[in-house]
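Peer 1: structure for the following, please:
(one chain, ligands or ions: 2)
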Amino acid sequence: MHTLHGNFTTDTQFFGGNNVFDLIEEYGSPLYIYNEEILRTRCKEIKNLVTYENFVPHYSVKANTNIHLLKIVREEGLHADVMSPGEIYLALQSGFKPEELFFIPNNVTAEDMRYAINHGVLMSLDSLSQLELYGEMNPGSKVALRFNPGIGAGHHEKVVTAGKKTKFGINQEDIDIVKSLLKKYDLTLVGINQHIGSLFMDYDPYIQSTASILHIAEHFEDLEFIDLGGGFGIPYHKQDGEARLDIKTLGHKLDVVLHNFAESYGKKLQFQIEPGRYIPCECGLILGTVTSLKENAGVHYLGTDVGFNVLQRPIMYDSHHDMELYTTHVACTSPLTPFTVVGNICESGDILAKDRLLPTPHVGDLIGVLDAGAYGFSMSSSYNQRPRTAEVLIEETGNVKLIRKRETLEDLLRPMLV
Ligand SMILES: Cc1ncc(COP(=O)(O)O)c(C=O)c1O
Ligand SMILES: N[C@@H](CCCC[NH3+])C(=O)O
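Peer 2: Ligands and ions are numbered 1, 2, ... in the order given. Got it, this is the predicted structure:
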(Lines give C-alpha, C1' and ligand atoms only; values in the text may rest on other atoms or scores of the structure.)
(Ligands and ions follow the chains in the order given, each with its own letter.)
Protein backbone atom coordinates (compact mmCIF):
# COMPACT_ATOMS: atom_id res chain seq x y z
CA MET A 1 0.00 0.00 0.00
CA HIS A 2 1.20 3.52 -0.77
CA THR A 3 0.06 6.81 0.67
CA LEU A 4 -0.26 9.08 -2.32
CA HIS A 5 -0.70 12.39 -0.62
CA GLY A 6 -0.14 13.97 2.73
CA ASN A 7 2.63 14.56 5.21
CA PHE A 8 0.88 12.63 7.92
CA THR A 9 1.82 8.94 7.64
CA THR A 10 -1.50 7.75 8.90
CA ASP A 11 -0.97 4.20 7.69
CA THR A 12 1.66 3.38 10.28
CA GLN A 13 0.91 5.81 13.13
CA PHE A 14 -2.81 6.49 13.03
CA PHE A 15 -3.98 3.01 12.05
CA GLY A 16 -1.79 1.28 14.63
CA GLY A 17 -0.07 -0.79 11.96
CA ASN A 18 -3.33 -2.01 10.41
CA ASN A 19 -3.71 -1.95 6.63
CA VAL A 20 -6.49 0.40 5.47
CA PHE A 21 -7.65 -1.98 2.72
CA ASP A 22 -8.04 -4.76 5.30
CA LEU A 23 -10.07 -2.41 7.50
CA ILE A 24 -12.44 -1.58 4.65
CA GLU A 25 -12.76 -5.22 3.66
CA GLU A 26 -13.71 -6.16 7.20
CA TYR A 27 -15.91 -3.20 8.24
CA GLY A 28 -17.13 -1.76 4.94
CA SER A 29 -16.87 1.68 3.34
CA PRO A 30 -17.17 4.45 4.36
CA LEU A 31 -15.87 3.95 7.87
CA TYR A 32 -15.19 6.22 10.84
CA ILE A 33 -11.90 5.29 12.52
CA TYR A 34 -10.69 6.67 15.87
CA ASN A 35 -7.29 6.42 17.50
CA GLU A 36 -7.39 5.92 21.29
CA GLU A 37 -3.90 7.26 21.96
CA ILE A 38 -4.64 10.60 20.27
CA LEU A 39 -7.95 10.90 22.16
CA ARG A 40 -6.24 10.33 25.51
CA THR A 41 -3.48 12.82 24.65
CA ARG A 42 -6.00 15.60 23.94
CA CYS A 43 -7.90 14.83 27.16
CA LYS A 44 -4.68 15.13 29.17
CA GLU A 45 -3.78 18.45 27.54
CA ILE A 46 -7.15 19.88 28.52
CA LYS A 47 -7.09 18.36 32.02
CA ASN A 48 -3.71 20.00 32.67
CA LEU A 49 -4.55 23.33 31.04
CA VAL A 50 -4.09 25.35 34.23
CA THR A 51 -2.50 24.89 37.63
CA TYR A 52 -5.51 26.43 39.43
CA GLU A 53 -6.53 23.46 41.56
CA ASN A 54 -10.33 23.70 41.47
CA PHE A 55 -10.53 23.30 37.68
CA VAL A 56 -12.94 20.79 36.11
CA PRO A 57 -13.02 20.57 32.29
CA HIS A 58 -16.29 19.29 30.86
CA TYR A 59 -16.19 17.54 27.49
CA SER A 60 -19.00 18.88 25.30
CA VAL A 61 -20.34 15.54 24.12
CA LYS A 62 -22.18 16.94 21.08
CA ALA A 63 -18.87 16.71 19.21
CA ASN A 64 -18.89 12.92 19.40
CA THR A 65 -21.23 10.84 21.51
CA ASN A 66 -20.00 7.32 20.87
CA ILE A 67 -20.25 5.69 24.29
CA HIS A 68 -16.85 3.97 23.92
CA LEU A 69 -15.18 7.35 23.44
CA LEU A 70 -17.20 8.83 26.32
CA LYS A 71 -15.87 6.08 28.60
CA ILE A 72 -12.28 6.95 27.67
CA VAL A 73 -12.89 10.66 28.24
CA ARG A 74 -14.33 9.87 31.66
CA GLU A 75 -11.39 7.61 32.53
CA GLU A 76 -9.15 10.59 31.77
CA GLY A 77 -10.96 12.53 34.49
CA LEU A 78 -13.13 14.94 32.50
CA HIS A 79 -16.75 15.69 33.29
CA ALA A 80 -19.32 16.32 30.55
CA ASP A 81 -21.53 19.06 29.16
CA VAL A 82 -24.78 17.83 27.65
CA MET A 83 -27.39 19.50 25.47
CA SER A 84 -30.41 17.20 25.37
CA PRO A 85 -32.06 14.26 27.15
CA GLY A 86 -30.39 12.00 24.56
CA GLU A 87 -26.95 13.28 25.51
CA ILE A 88 -27.79 12.97 29.23
CA TYR A 89 -28.89 9.39 28.63
CA LEU A 90 -25.75 8.39 26.72
CA ALA A 91 -23.44 10.13 29.20
CA LEU A 92 -25.10 8.33 32.13
CA GLN A 93 -24.93 5.03 30.25
CA SER A 94 -21.21 5.55 29.71
CA GLY A 95 -20.63 5.86 33.45
CA PHE A 96 -20.74 9.60 34.17
CA LYS A 97 -22.48 10.35 37.48
CA PRO A 98 -25.33 12.93 37.41
CA GLU A 99 -23.13 15.34 39.39
CA GLU A 100 -20.45 15.06 36.69
CA LEU A 101 -22.88 16.38 34.07
CA PHE A 102 -23.86 19.94 33.28
CA PHE A 103 -27.01 20.37 31.16
CA ILE A 104 -26.71 23.46 28.94
CA PRO A 105 -29.79 23.40 26.74
CA ASN A 106 -31.38 26.00 24.52
CA ASN A 107 -35.14 26.46 23.97
CA VAL A 108 -36.11 23.20 25.63
CA THR A 109 -39.56 21.94 26.55
CA ALA A 110 -40.78 21.36 30.09
CA GLU A 111 -40.49 17.65 29.31
CA ASP A 112 -36.76 18.01 28.56
CA MET A 113 -36.29 19.95 31.80
CA ARG A 114 -38.18 17.28 33.70
CA TYR A 115 -35.80 14.63 32.34
CA ALA A 116 -32.77 16.49 33.74
CA ILE A 117 -34.49 17.24 37.06
CA ASN A 118 -35.53 13.61 37.51
CA HIS A 119 -31.98 12.45 36.81
CA GLY A 120 -30.39 14.92 39.23
CA VAL A 121 -28.46 16.82 36.55
CA LEU A 122 -27.80 20.53 37.17
CA MET A 123 -29.23 22.73 34.44
CA SER A 124 -28.26 26.09 33.02
CA LEU A 125 -31.03 28.27 31.62
CA ASP A 126 -30.22 30.69 28.84
CA SER A 127 -33.25 32.99 28.65
CA LEU A 128 -35.57 34.72 31.09
CA SER A 129 -38.56 32.75 29.86
CA GLN A 130 -36.76 29.41 30.30
CA LEU A 131 -35.76 30.51 33.80
CA GLU A 132 -39.40 31.31 34.56
CA LEU A 133 -40.51 27.90 33.25
CA TYR A 134 -37.85 26.14 35.28
CA GLY A 135 -38.74 28.13 38.40
CA GLU A 136 -42.40 27.11 38.11
CA MET A 137 -41.40 23.46 37.72
CA ASN A 138 -38.69 23.20 40.34
CA PRO A 139 -38.88 26.03 42.91
CA GLY A 140 -36.39 26.03 45.76
CA SER A 141 -33.68 24.26 43.79
CA LYS A 142 -30.14 25.01 42.58
CA VAL A 143 -29.73 26.44 39.12
CA ALA A 144 -27.13 27.87 36.72
CA LEU A 145 -27.48 30.56 34.07
CA ARG A 146 -25.85 31.07 30.70
CA PHE A 147 -24.94 34.67 29.98
CA ASN A 148 -24.07 36.33 26.70
CA PRO A 149 -20.74 38.04 27.40
CA GLY A 150 -21.23 40.34 24.39
CA ILE A 151 -18.25 38.93 22.48
CA GLY A 152 -18.60 36.16 19.89
CA ALA A 153 -16.01 34.21 17.89
CA GLY A 154 -16.00 31.20 15.59
CA HIS A 155 -14.88 29.68 12.29
CA HIS A 156 -18.20 30.53 10.58
CA GLU A 157 -21.15 32.81 11.39
CA LYS A 158 -23.28 29.69 12.02
CA VAL A 159 -21.15 28.75 15.04
CA VAL A 160 -20.78 32.15 16.74
CA THR A 161 -22.84 31.83 19.90
CA ALA A 162 -22.45 35.18 21.67
CA GLY A 163 -22.52 38.86 20.79
CA LYS A 164 -25.39 40.72 19.13
CA LYS A 165 -26.54 38.17 16.54
CA THR A 166 -27.32 35.03 18.47
CA LYS A 167 -30.19 33.19 20.12
CA PHE A 168 -27.99 32.07 23.04
CA GLY A 169 -27.55 33.46 26.52
CA ILE A 170 -29.08 36.02 28.86
CA ASN A 171 -28.03 39.61 28.29
CA GLN A 172 -26.13 41.40 31.03
CA GLU A 173 -28.70 44.23 31.02
CA ASP A 174 -31.24 41.73 32.40
CA ILE A 175 -29.34 40.93 35.60
CA ASP A 176 -31.89 42.76 37.78
CA ILE A 177 -34.78 40.77 36.26
CA VAL A 178 -32.74 37.60 36.75
CA LYS A 179 -32.33 38.44 40.42
CA SER A 180 -36.05 39.01 40.88
CA LEU A 181 -36.89 35.70 39.17
CA LEU A 182 -34.40 33.85 41.35
CA LYS A 183 -36.07 35.38 44.40
CA LYS A 184 -39.60 34.72 43.14
CA TYR A 185 -38.92 31.00 42.78
CA ASP A 186 -36.47 30.70 45.70
CA LEU A 187 -33.75 29.48 43.35
CA THR A 188 -30.07 29.38 44.36
CA LEU A 189 -27.76 30.47 41.59
CA VAL A 190 -24.74 28.18 41.97
CA GLY A 191 -23.02 28.77 38.65
CA ILE A 192 -22.85 30.86 35.54
CA ASN A 193 -21.54 29.90 32.12
CA GLN A 194 -20.89 31.23 28.65
CA HIS A 195 -19.80 29.90 25.27
CA ILE A 196 -18.68 32.45 22.70
CA GLY A 197 -18.53 30.14 19.70
CA SER A 198 -16.70 27.31 18.08
CA LEU A 199 -13.08 27.16 16.94
CA PHE A 200 -10.63 29.83 17.94
CA MET A 201 -6.95 29.49 17.08
CA ASP A 202 -6.14 32.91 18.53
CA TYR A 203 -6.91 32.86 22.24
CA ASP A 204 -7.38 36.63 22.74
CA PRO A 205 -11.21 36.66 22.32
CA TYR A 206 -11.43 33.77 24.80
CA ILE A 207 -9.39 35.65 27.39
CA GLN A 208 -11.45 38.81 26.76
CA SER A 209 -14.72 36.92 27.16
CA THR A 210 -13.36 35.41 30.38
CA ALA A 211 -12.93 38.92 31.71
CA SER A 212 -16.57 39.64 30.73
CA ILE A 213 -18.05 36.63 32.52
CA LEU A 214 -15.96 37.33 35.60
CA HIS A 215 -17.37 40.82 35.58
CA ILE A 216 -20.89 39.34 35.42
CA ALA A 217 -19.98 36.99 38.28
CA GLU A 218 -19.31 39.96 40.55
CA HIS A 219 -23.06 40.66 40.53
CA PHE A 220 -23.76 37.37 42.28
CA GLU A 221 -22.64 36.23 45.72
CA ASP A 222 -22.18 32.60 46.66
CA LEU A 223 -21.44 31.19 43.21
CA GLU A 224 -19.88 27.73 43.37
CA PHE A 225 -18.55 27.68 39.82
CA ILE A 226 -17.96 29.69 36.67
CA ASP A 227 -17.84 27.97 33.29
CA LEU A 228 -15.82 29.79 30.63
CA GLY A 229 -17.08 27.78 27.63
CA GLY A 230 -15.44 25.81 24.84
CA GLY A 231 -14.35 26.63 21.30
CA PHE A 232 -10.74 25.44 21.45
CA GLY A 233 -9.64 25.02 17.83
CA ILE A 234 -7.59 22.42 16.03
CA PRO A 235 -5.48 23.02 12.90
CA TYR A 236 -7.56 21.66 9.99
CA HIS A 237 -4.86 22.76 7.49
CA LYS A 238 -1.97 20.65 8.78
CA GLN A 239 -0.93 19.74 5.23
CA ASP A 240 -0.30 23.47 4.67
CA GLY A 241 1.69 23.71 7.89
CA GLU A 242 -0.98 25.34 10.07
CA ALA A 243 0.22 25.72 13.66
CA ARG A 244 -1.60 24.28 16.66
CA LEU A 245 -3.47 26.42 19.17
CA ASP A 246 -0.88 27.57 21.70
CA ILE A 247 -2.59 25.88 24.58
CA LYS A 248 0.35 26.37 26.95
CA THR A 249 0.29 30.16 26.67
CA LEU A 250 -3.51 30.15 26.86
CA GLY A 251 -3.25 28.08 30.05
CA HIS A 252 -0.69 30.45 31.62
CA LYS A 253 -2.81 33.51 30.80
CA LEU A 254 -5.96 31.88 32.17
CA ASP A 255 -4.17 30.79 35.33
CA VAL A 256 -3.30 34.36 36.24
CA VAL A 257 -6.89 35.51 35.64
CA LEU A 258 -8.42 32.65 37.64
CA HIS A 259 -6.11 33.02 40.65
CA ASN A 260 -6.68 36.79 40.75
CA PHE A 261 -10.44 36.43 40.50
CA ALA A 262 -10.61 33.79 43.26
CA GLU A 263 -8.67 36.10 45.53
CA SER A 264 -10.95 39.07 44.89
CA TYR A 265 -14.14 36.96 45.10
CA GLY A 266 -12.98 35.63 48.45
CA LYS A 267 -13.18 31.92 47.67
CA LYS A 268 -11.53 29.32 45.47
CA LEU A 269 -14.66 28.65 43.46
CA GLN A 270 -14.62 26.01 40.73
CA PHE A 271 -13.70 26.96 37.18
CA GLN A 272 -14.98 24.88 34.29
CA ILE A 273 -14.47 24.90 30.53
CA GLU A 274 -16.51 23.05 27.87
CA PRO A 275 -14.35 22.00 24.91
CA GLY A 276 -16.03 19.74 22.37
CA ARG A 277 -14.03 19.66 19.13
CA TYR A 278 -10.57 19.77 20.73
CA ILE A 279 -11.04 16.41 22.46
CA PRO A 280 -12.00 13.95 19.65
CA CYS A 281 -11.40 15.86 16.40
CA GLU A 282 -7.90 14.76 15.53
CA CYS A 283 -8.40 11.20 16.75
CA GLY A 284 -10.98 10.59 14.01
CA LEU A 285 -10.75 9.98 10.29
CA ILE A 286 -13.21 8.83 7.63
CA LEU A 287 -11.98 6.19 5.26
CA GLY A 288 -13.93 6.11 2.00
CA THR A 289 -13.62 4.62 -1.47
CA VAL A 290 -12.81 6.31 -4.77
CA THR A 291 -15.82 5.29 -6.86
CA SER A 292 -15.40 7.26 -10.09
CA LEU A 293 -13.31 9.79 -12.02
CA LYS A 294 -14.91 12.19 -14.47
CA GLU A 295 -14.21 15.45 -16.26
CA ASN A 296 -16.87 18.04 -17.07
CA ALA A 297 -16.07 21.44 -18.60
CA GLY A 298 -12.48 21.28 -17.41
CA VAL A 299 -13.38 20.26 -13.84
CA HIS A 300 -11.93 16.94 -12.66
CA TYR A 301 -14.41 15.20 -10.39
CA LEU A 302 -13.18 12.61 -7.93
CA GLY A 303 -16.24 10.62 -6.90
CA THR A 304 -16.35 8.93 -3.51
CA ASP A 305 -18.82 7.31 -1.15
CA VAL A 306 -18.26 10.07 1.44
CA GLY A 307 -21.37 12.16 0.85
CA PHE A 308 -22.71 14.86 3.13
CA ASN A 309 -24.77 12.20 4.84
CA VAL A 310 -21.40 10.99 6.23
CA LEU A 311 -19.69 14.37 6.78
CA GLN A 312 -21.80 17.49 6.80
CA ARG A 313 -19.19 20.11 7.74
CA PRO A 314 -17.99 21.01 4.21
CA ILE A 315 -21.50 21.78 2.93
CA MET A 316 -22.66 23.39 6.18
CA TYR A 317 -19.68 25.68 6.83
CA ASP A 318 -17.43 25.33 3.74
CA SER A 319 -15.07 23.55 6.11
CA HIS A 320 -11.72 22.26 4.98
CA HIS A 321 -10.55 18.75 5.83
CA ASP A 322 -7.10 17.55 4.82
CA MET A 323 -7.21 14.39 2.70
CA GLU A 324 -4.97 11.45 1.85
CA LEU A 325 -5.21 8.84 -0.88
CA TYR A 326 -4.15 5.23 -0.47
CA THR A 327 -3.52 2.93 -3.43
CA THR A 328 -2.35 -0.57 -4.13
CA HIS A 329 -1.02 0.59 -7.50
CA VAL A 330 2.52 1.75 -7.95
CA ALA A 331 2.67 5.26 -6.45
CA CYS A 332 2.12 7.77 -9.21
CA THR A 333 4.69 10.52 -9.68
CA SER A 334 2.66 12.59 -12.14
CA PRO A 335 2.00 16.26 -11.30
CA LEU A 336 -0.80 17.02 -8.87
CA THR A 337 -4.19 17.86 -10.41
CA PRO A 338 -6.93 20.04 -8.89
CA PHE A 339 -9.84 17.71 -8.13
CA THR A 340 -13.34 18.53 -6.99
CA VAL A 341 -13.95 15.77 -4.47
CA VAL A 342 -17.63 14.79 -4.32
CA GLY A 343 -19.89 12.26 -2.63
CA ASN A 344 -22.71 10.02 -3.82
CA ILE A 345 -25.70 12.11 -2.68
CA CYS A 346 -28.29 13.38 -5.14
CA GLU A 347 -27.49 17.08 -4.72
CA SER A 348 -25.03 19.23 -6.68
CA GLY A 349 -23.83 20.74 -3.43
CA ASP A 350 -22.52 17.38 -2.26
CA ILE A 351 -18.91 18.57 -2.41
CA LEU A 352 -16.21 17.60 0.06
CA ALA A 353 -13.51 19.84 -1.41
CA LYS A 354 -13.00 22.06 -4.45
CA ASP A 355 -9.77 22.31 -6.44
CA ARG A 356 -7.92 20.00 -4.11
CA LEU A 357 -4.46 19.19 -5.47
CA LEU A 358 -4.10 15.42 -5.56
CA PRO A 359 -2.19 12.80 -7.53
CA THR A 360 -4.41 11.00 -10.03
CA PRO A 361 -6.05 8.11 -8.20
CA HIS A 362 -7.63 4.88 -9.50
CA VAL A 363 -11.16 3.71 -8.91
CA GLY A 364 -10.93 1.41 -5.89
CA ASP A 365 -8.27 3.48 -4.13
CA LEU A 366 -9.17 4.72 -0.67
CA ILE A 367 -9.49 8.28 0.54
CA GLY A 368 -8.86 9.42 4.10
CA VAL A 369 -10.74 12.52 5.28
CA LEU A 370 -8.73 13.70 8.26
CA ASP A 371 -9.69 15.45 11.51
CA ALA A 372 -13.23 14.12 11.32
CA GLY A 373 -13.64 12.94 14.92
CA ALA A 374 -15.67 15.98 16.00
CA TYR A 375 -19.04 16.92 14.49
CA GLY A 376 -18.50 14.12 11.98
CA PHE A 377 -20.56 11.09 12.90
CA SER A 378 -22.63 13.12 15.37
CA MET A 379 -23.94 15.31 12.51
CA SER A 380 -24.29 12.48 10.01
CA SER A 381 -27.63 11.29 8.66
CA SER A 382 -29.25 8.62 6.54
CA TYR A 383 -30.26 11.04 3.77
CA ASN A 384 -30.93 9.28 0.44
CA GLN A 385 -31.60 6.29 2.69
CA ARG A 386 -27.95 5.43 3.14
CA PRO A 387 -27.61 3.56 6.42
CA ARG A 388 -25.18 5.29 8.81
CA THR A 389 -21.61 4.05 8.86
CA ALA A 390 -19.77 1.80 11.28
CA GLU A 391 -17.17 3.20 13.70
CA VAL A 392 -14.01 1.44 14.86
CA LEU A 393 -11.49 2.31 17.55
CA ILE A 394 -7.78 1.61 17.12
CA GLU A 395 -6.84 0.76 20.67
CA GLU A 396 -3.45 1.66 22.13
CA THR A 397 -2.30 -1.91 21.49
CA GLY A 398 -3.17 -1.55 17.79
CA ASN A 399 -6.19 -3.83 18.23
CA VAL A 400 -9.21 -2.77 16.15
CA LYS A 401 -12.49 -2.66 18.10
CA LEU A 402 -15.86 -2.26 16.39
CA ILE A 403 -17.63 0.45 18.44
CA ARG A 404 -20.69 0.94 16.24
CA LYS A 405 -22.27 -1.49 13.84
CA ARG A 406 -23.00 -0.29 10.33
CA GLU A 407 -26.74 0.28 10.04
CA THR A 408 -28.58 -2.06 7.72
CA LEU A 409 -31.38 -1.58 5.19
CA GLU A 410 -33.74 -3.11 7.77
CA ASP A 411 -32.73 -0.35 10.22
CA LEU A 412 -34.17 2.14 7.74
CA LEU A 413 -37.55 0.45 7.82
CA ARG A 414 -37.81 -0.44 11.53
CA PRO A 415 -38.95 2.97 12.95
CA MET A 416 -41.74 3.12 10.35
CA LEU A 417 -43.56 0.35 12.25
CA VAL A 418 -44.14 -1.73 9.16
C1 LIG B 1 -22.81 25.57 25.00
C2 LIG B 1 -21.70 24.94 24.24
N3 LIG B 1 -20.64 24.49 24.91
C4 LIG B 1 -19.61 23.90 24.29
C5 LIG B 1 -19.59 23.75 22.92
C6 LIG B 1 -18.42 23.09 22.31
O7 LIG B 1 -17.80 23.86 21.38
P8 LIG B 1 -16.44 23.42 20.70
O9 LIG B 1 -16.67 22.10 20.07
O10 LIG B 1 -16.15 24.47 19.72
O11 LIG B 1 -15.40 23.36 21.78
C12 LIG B 1 -20.67 24.22 22.16
C13 LIG B 1 -20.67 24.16 20.68
O14 LIG B 1 -20.31 25.13 20.04
C15 LIG B 1 -21.76 24.84 22.84
O16 LIG B 1 -22.80 25.30 22.15
N1 LIG C 1 -20.89 21.81 14.42
C2 LIG C 1 -19.87 22.84 14.39
C3 LIG C 1 -19.42 23.28 15.74
C4 LIG C 1 -20.41 24.00 16.63
C5 LIG C 1 -21.44 23.14 17.23
C6 LIG C 1 -21.91 23.46 18.60
N7 LIG C 1 -22.45 24.76 18.88
C8 LIG C 1 -18.71 22.38 13.53
O9 LIG C 1 -18.74 21.32 13.00
O10 LIG C 1 -17.74 23.09 13.37
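Peer 1: for stretch 104-120, what is the average pLDDT?
Peer 2: Regarding stretch 104-120, the rounded mean pLDDT is 97.
Peer 1: for that stretch, measure first residue to last.
Peer 2: Using C-alpha to C-alpha, to the nearest Å, one end of stretch 104-120 lies 14 Å from the other.
Peer 1: before we move on, what about stretch 353-364?
Peer 2: End-to-end distance of stretch 353-364 (C-alpha to C-alpha): 19 Å.
Peer 1: stretch 180-196 close to ligand 1?
Peer 2: Yes: for stretch 180-196 and ligand 1, the contact criterion (C-beta under 6 Å from any ligand atom) is met by residue 195. For the C-beta atoms, the positions are set from N, CA and C on the backbone; glycine is no exception.
Peer 1: buried set for that stretch?
Peer 2: 181, 182, 185, 187, 189, 190, 191, 192, 193, 194, 195, 196 (16 or more other C-beta atoms under 10 Å).
Peer 1: looking at those residues, which is nearest ligand 1?
Peer 2: Using C-beta to the nearest ligand atom, residue 195 is the member of the buried residues of stretch 180-196 that lies nearest ligand 1, at 3.7 Å.
Peer 1: would you agree that closest one is in contact with residue 146?
Peer 2: Yes: with contact defined as C-beta atoms under 8 Å, residue 195 reaches residue 146; the gap is 7.4 Å.
Peer 1: so what does residue 284 have for phi and psi?
Peer 2: Phi and psi for residue 284, reported as degrees, to the nearest 10, are phi -120, psi 140.
Peer 1: what helices and strands are in contact with the host helix or strand of residue 252?
Peer 2: Element membership for residue 252 (DSSP states H and E) is helix 247-265. Helices and strands touching helix 247-265, by 3 or more C-beta pairs under 8 Å, 6 or more residues apart in numbering; DSSP states H and E, are helix 204-217.
Peer 1: list the contacts of the helix it packs on.
Peer 2: Helix 204-217 has contacts (C-beta atoms under 8 Å, 6 or more residues apart in numbering) with 147, 149-151, 153, 162, 172, 175, 192-194, 196, 200, 223, 226, 228-229, 231, 250, 253-254, 257, 261, 265.
Peer 1: of the residues you listed, buried ones?
Peer 2: By neighbour count, with 16+ other C-beta under 10 Å, the contacts of helix 204-217 hold 147, 149-151, 153, 162, 172, 192-194, 196, 200, 223, 226, 228-229, 231, 250, 253-254, 257, 261, 265 as buried.
Peer 1: mutual contacts of residue 195 and residue 146, please.
Peer 2: Residues within reach of residue 195 and of residue 146 at once, by C-beta under 8 Å, 6+ apart, are 104, 168.
Peer 1: now do the strands in the stretch 51-200 of the chain.
Peer 2: Using DSSP state E, counting those that start in this stretch, the strands assigned to the stretch 51-200 of the chain run over residues 55-60, 79-82, 101-103, 122-125, 142-148, 170-171, 188-193.
Peer 1: which one of those lies closest to residue 304?
Peer 2: Comparison of those against residue 304 by C-beta to C-beta identifies strand 55-60 as nearest, at 29.2 Å.
Peer 1: and that closest one, what does it pack against?
Peer 2: With contacts taken as 3+ C-beta pairs under 8 Å, 6+ apart, strand 55-60 sits against helix 36-47, strand 79-82, strand 270-273.
Peer 1: can you give me the angle that strand makes with helix 36-47?
Peer 2: Angle of strand 55-60 versus helix 36-47, following axes from the mean of the first three to the mean of the last three C-alpha atoms, to 10 degrees, is 130 degrees.
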